[in-house]
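A.B. asks: Have a look; sequence and predicted model below, questions after that.
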Amino acid sequence: MKVTIVDYNSGNISSVINSFKEVAKDKVNIEVTSDLNKIKLSDKVVLPGQGSFKSCVEALNNIDGLKETLNEFVMTNKKPLLGICVGLQMFADVGYEETETKGLGWISGKVSKIDNQGGKFKLPHIGWNQINIVKDSKIFKDIENNSHMYFVHSYEFVPVDKKVVSATTDYSSNIVCSVEKENIFGTQFHPEKSDKLGLKIIENFIKI
Amino acid sequence: MLKYRIIPCLDVKNGRVVKGINFIDLKDAGDPVEQAKIYSDGGADEICFLDITASHENRDTIYEVVKKTSKECFVPLTVGGGIRSVEDINKLLNCGADKVSINTAAVENSKVVIDSSKKFGSQCIVVAIDAKKNGDKWEVFTHGGRNNSGIDALEYAKQMEKNGAGELLVTSMDRDGTQAGYDIELMSKISSKVNIPIIASGGVGNLDHLVDGIKLGKASAVLAASIFHYGKHSVKEAKDYLDSKGIPVRI
């Protein structure tokens, strides 16, 4: 089994690497790379992302052939991919952070700023919030409803088809915080920073 | 519902904890990694290291500490103290810090906050404001509280939000070390002034002070050092207490 964390200069990914290595121990090979061939040969891919939607998409586009390789991995070969934070947001058709930017278009929808009701809610949404699991997801095996996860974001993914939503969280409104569509998984929260339950989600993904 | 956070802070000097938990069963009371692990296992929502290493030659010790801690603690880790440049931030993040807290450099060179929040995202940029009351306003101090910049803390807070800070760590220098409680007026004024979360710091002597910081000071998170040291209170006790006062916490 080989799991690849895509390193495309999308901000700080040390915590993602540390958490996957902690879960994998010596049993699963965790690779951190932007090498297209290595990604192609992986069983699973993790797409992290920090910073803005625009900066992450640009960083992805800056590596020749990376977008196409990920497309093939996910859409043609139907292998499992986990997007974390902006990694999840990039599944959308379009994002509106900084400026309108085209996403990967794997799950139809848009990424827009959380409606903080005229300043009633502080942004970014930072800290531990409970997740409301709305459908069975392979990554939620042994995760109880209302578990706490660590969030830090100001933008939310709004998918067109609500059937892809596996969990929401309550911050000014019900924000989509996890999706599952066939082989595509994503969390808006940071499993790598969500203590033991977060590590369990990572383990679940590795075990798919 | 979003929970209020409790953040224990450890002072680290030359790679060793100088103020920390002093449990008898601790193998090595000076080991920051072991202490951070005790806090995170005890339910700390985040961990904060304040590097107070004075000499430049020993600055690298903090990188080793962060590297080791981030391999064992899977809650957010904030590191502050002595950060001068975007490159310093880059190094700490690469070692596994999730956020950095910038104090003096944010006052002296606004580009540090602007550039680093653009490069790494606002989510990892915390601006630390050390404020001291002067008449009816508060002034921002730098260099660990030694220099008065004369800058108005409220205006500065607003400016840092604009520059791209994701959070503000507000310390009252009048209260720090006194155990008399947070400067509630300072906290609530800054919190009302900005739209980003604030972390209250400086002066906690008992668990009621944490409650006040949240209820009256309107802080999203409370940071404390000494009440968690020497086993006076555990993070768990603090959380149970906040819960009993109707404050939502992660238990």
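C.D. replies: Sure thing, it's come through. Numbers count the residues shown, from 1 in each chain, chains lettered A, B, ... in the order given.

A.B. asks: contacts, neighbours, all on C-alpha from now
C.D. replies: Noted.

A.B. asks: near chain B, which residues of chain A show up?
C.D. replies: When proximity is defined as Cα under 8 Å from any Cα of the partner chain, chain A approaches chain B at A:11-15, A:18-19, A:22, A:50-52, A:119, A:121-124, A:126-130, A:148, A:152-153, A:169-171, A:192-196.

A.B. asks: What residues are bridge-paired with residue 101?
C.D. replies: Looking at chain A here, since you left the chain open. Going by DSSP bridges, residue A:101 is paired in beta bridges with residue A:95.

A.B. asks: The chain in question should be chain B.
C.D. replies: Per DSSP bridges, the residues bridged to residue B:101 are residue B:80, residue B:126.

A.B. asks: how about the closest residue to residue A:172 other than its chain neighbours, secondary structure?
C.D. replies: Spatial nearest neighbour of residue A:172, excluding adjacent residues (Cα to Cα, 6 or more residues apart in numbering or on different chains): residue A:116 at 6.1 Å. Three-state call for residue A:116 (DSSP: H, G, I helix; E, B strand; the rest coil): coil.

A.B. asks: Residue A:116 and residue A:124, how far apart?
C.D. replies: 10 Å (Cα to Cα, to the nearest Å).

A.B. asks: Between the two, which has more neighbouring residues?
C.D. replies: residue A:124 (21 against 17; other Cα atoms under 10 Å in any protein chain shown).

A.B. asks: sorry, back to before: close enough to count as contact, the residue nearest to residue A:172 and residue A:122?
C.D. replies: Yes: at 6.9 Å, residue A:116 and residue A:122 qualify as touching, with contact defined as Cα atoms under 8 Å.

A.B. asks: Please report how far residue B:242 lies from residue B:148.
C.D. replies: Using Cα to Cα, residue B:242 is found at 35 Å from residue B:148.

A.B. asks: Just want to know which of the two has more residues nearby.
C.D. replies: Neighbour count, other Cα under 10 Å: between residue B:242 and residue B:148, residue B:242 has more, with 21 against 14.

A.B. asks: so which strand or helix has the more buried one?
C.D. replies: Using DSSP states H and E, residue B:242 sits within helix B:235-244.

A.B. asks: what's the answer for residue B:115, then?
C.D. replies: Going by DSSP H and E, residue B:115 is part of helix B:110-120.

A.B. asks: who does that helix touch, helix- and strand-wise?
C.D. replies: Under the contact definition 3 or more Cα pairs under 8 Å, 6 or more residues apart in numbering or on different chains; DSSP states H and E, helix B:110-120 sits against helix B:86-95, helix B:104-108, strand B:125-134, helix B:153-163.

A.B. asks: Could you rerun that using 10 Å?
C.D. replies: When contacts are defined as 3 or more Cα pairs under 10 Å, 6 or more residues apart in numbering or on different chains; DSSP states H and E, helix B:110-120 sits against helix A:53-61, helix B:86-95, strand B:99-102, helix B:104-108, strand B:125-134, helix B:153-163.

A.B. asks: Could I get these in JSON lines, plus columns for distance to residue A:100 and mean pLDDT?
C.D. replies: Listed next are the helices and strands packed on helix B:110-120 as JSON lines, based on distance: least, Cα to Cα, whole Å; pLDDT from 0 to 100:
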{"stretch": "helix A:53-61", "distance to residue A:100": "8", "mean pLDDT": "95"}
{"stretch": "helix B:86-95", "distance to residue A:100": "27", "mean pLDDT": "94"}
{"stretch": "strand B:99-102", "distance to residue A:100": "27", "mean pLDDT": "97"}
{"stretch": "helix B:104-108", "distance to residue A:100": "30", "mean pLDDT": "96"}
{"stretch": "strand B:125-134", "distance to residue A:100": "24", "mean pLDDT": "97"}
{"stretch": "helix B:153-163", "distance to residue A:100": "21", "mean pLDDT": "98"}
